[in-house]
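**Student:** sequence-free structure coming up:
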């Protein structure tokens, strides 16, 4: 199996555009959540906060490609362009057949779907349907639009597993490169905000609404006063590459993926289970040939739901005990669903290279049921070598990635 | 509507839909080669024109002969006139 390294990062998030800006914002303890006024007018929706992408310029994308993109594809293409630029990969690499795409979303564009059905249900007519509608609402909208816009000729994969999407995409991309099927993979996820997303969690009593007047104070992973998920939008992308290819072109290597696991948890479609989470993390460690003692940091999924936070803490404690630092970035970013794993992993790669630990934002009073692990409470210097990153999805789809600082050995 | 008003409405509609520059909208402009539209755009152009002029043209055979912006102008003017008669 070939070794797989990271040579490019891309991020579009509520904390701005750019992976470096994301890392800086996280280090500064900034929160990207705002009150969204139009949510107040939606009957039955209690959560009125979200993490929305601000100030991007879609006009940079030629109309020929942009016409088939909904916001999520626009976020994704901007993130891909950033990753390719950082990796110093060219259109020739994209067209080589050795570049693939593994980028998914939770669903096709909910905004485009709403637009169509608003007209269709009113008029019972298809007269105003545009030819580009399908390309926005199909499940592989982001992956296909990226491949088209960047003229990528290798494999196109669009994993879709809600909150596990981009963790899976990175894992599948890692495996494709490790197996020698592709040399380069743009991996990650994207989602655009829609009230339906917030409602999905709200109806299950898993969305934050008690902080509608204080959006900066939510979500609150692991905190005694947390009240649930805050939905967000954006895109995170990692450019994965075979070590062989990276060395050959003398690329700057940002980190190495060494292990991946994704396992189904059939105990319940909506309730996280500590034993299933533990199995997934252990499988990723085994895949990477890494003992739990070698892990220097755990980047938790921790969305600030009671069940999820407690189950994850329990699983982390069983494997890593009480001394391994743990934090979640949901307190800064909210939960960008399909984008969350790649956005968070991009920041983790930044942590590896900056030798720092980023704490869980809004964690003021640790829930006693989450107190058995070592929470990162403030920015600290740390010489991180090997870390594990979790993402878990509704539907019982768990995933974990193990990565380490690259060493030229 | 006068012919000039029809042409103006067509040009504004196409400018908005396809982000074209008004100065490029010369009657002799070829839709594919000069205005860089393609087959998907032509489908949407029909939708835009049907909406702007409140008529149905999707099934009209003569629409397939359109090559230039001037062809569109003439097609719509003829269609409007035919509907009046």
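**Tutor:** Alright, I've got the coordinates. In this text the structure is predicted, and so the values were computed from the model without any measurement.
**Student:** excluding chain neighbours, what is closest to the residue of chain A found nearest chain B?
**Tutor:** Chain B sits closest to residue A:131 of chain A, with a gap of 4.1 Å, by Cβ to the nearest Cβ. In this view, the C-beta of every residue, glycine as well, is placed from N, C-alpha and C. Here the nearest residue to residue A:131 in space, its sequence neighbours aside, is residue B:43; by Cβ to Cβ, 6 or more residues apart in numbering or on different chains that works out to 4.1 Å.
**Student:** the one you found: what secondary structure?
**Tutor:** Three-state assignment for residue B:43 (DSSP: H, G, I helix; E, B strand; the rest coil): helix.
**Student:** any idea how far it lies from residue A:117?
**Tutor:** Per Cβ to Cβ, to the nearest Å, residue B:43 is found 20 Å from residue A:117.
**Student:** can you pull the contacts of the nearest residue to residue A:233 once chain neighbours are set aside?
**Tutor:** Excluding the flanking residues, the one nearest residue A:233 by Cβ to Cβ, 6+ apart is residue A:193, at 4.2 Å. Contact analysis of residue A:193 by Cβ atoms under 8 Å, 6 or more residues apart in numbering or on different chains lists A:50-52, A:231-233.
**Student:** show me the two of these that sit farthest apart.
**Tutor:** By the measure Cβ to Cβ, A:52 and A:231 form the most distant pair in the contacts of residue A:193, at 9.6 Å.
**Student:** residue of chain B nearest chain A, please.
**Tutor:** Of all residues in chain B, residue B:43 sits closest to chain A, at 4.1 Å by Cβ to the nearest Cβ.
**Student:** show me the strands in the stretch 51-200 of chain A, by range?
**Tutor:** For the stretch 51-200 of chain A, the strands defined by DSSP state E, counting those that start in this stretch cover A:99-104, A:156-157, A:184-191.
**Student:** pull up the pairing partners for the second one, direction included.
**Tutor:** Strands that pair with strand A:156-157, judged by DSSP bridges, come out as strand A:99-104 (parallel).
**Student:** what do you get for the longest one?
**Tutor:** With DSSP bridges as the criterion, the sheet partners recorded for strand A:184-191 are strand A:99-104 (parallel), strand A:234-242 (antiparallel).
**Student:** any idea which of these gets closest to residue A:198?
**Tutor:** strand A:234-242 (15.2 Å).
**Student:** which element follows that closest one toward the C-terminus?
**Tutor:** Next helix or strand after strand A:234-242 toward the C-terminus (DSSP states H and E): helix A:243-248.
**Student:** what sits up against that following helix?
**Tutor:** In contact with helix A:243-248 (Cβ under 8 Å, 6+ apart) are residues A:2-5, A:7, A:98, A:183-184, A:251, A:253, A:256.
**Student:** quick check: the farthest pair among those?
**Tutor:** Using Cβ to Cβ, the two most remote members of the contacts of helix A:243-248 are A:98 and A:256, lying 19.1 Å apart.
**Student:** and the two? which has more neighbours close in?
**Tutor:** Legend: neighbour count by other Cβ atoms under 10 Å in any protein chain shown for residue A:98 and residue A:256, higher for residue A:256 (23 against 20).
**Student:** so what's residue 3 up against?
**Tutor:** All of this is about chain A. Contacts for residue A:3 (Cβ under 8 Å, 6+ apart) come out as A:178, A:242-244, A:256, A:258.
**Student:** please refer instead to chain B.
**Tutor:** B:73, B:77.
**Student:** run the chain-centre distance for stretch A:294-311.
**Tutor:** 14 Å (Cα atoms, centre = their mean, to the nearest Å).
**Student:** equivalent analysis for stretch A:142-157, please.
**Tutor:** Centroid separation between stretch A:142-157 and its chain, computed with Cα atoms, centre = their mean, is 19 Å.
**Student:** picking that back up, keep only those of the contacts of residue A:193 that are in helices.
**Tutor:** Among the contacts of residue A:193, the subset assigned to helices under DSSP state H is empty.
**Student:** list only buried entries from these.
**Tutor:** The neighbour count (16 or more other Cβ atoms under 10 Å in any protein chain shown) marks A:50-52, A:231-233 as buried among the contacts of residue A:193.
**Student:** which residue sits closest to residue A:365, ignoring its sequence neighbours?
**Tutor:** residue A:224 (4.2 Å).
**Student:** please apply the same query to residue A:177.
**Tutor:** residue A:4 (4.7 Å).
**Student:** which residues touch that neighbour?
**Tutor:** Counting by Cβ under 8 Å, 6+ apart, residue A:4 makes contact with A:174, A:177-178, A:240-243, A:256-257.
**Student:** which neighbouring elements make contact with the helix or strand where residue A:286 lies?
**Tutor:** Element membership for residue A:286 (DSSP H and E) is helix A:274-288. The contact analysis (3 or more Cβ pairs under 8 Å, 6 or more residues apart in numbering or on different chains; DSSP states H and E) places helix A:274-288 against strand A:255-264, helix A:306-320, strand A:386-393, strand A:397-404.
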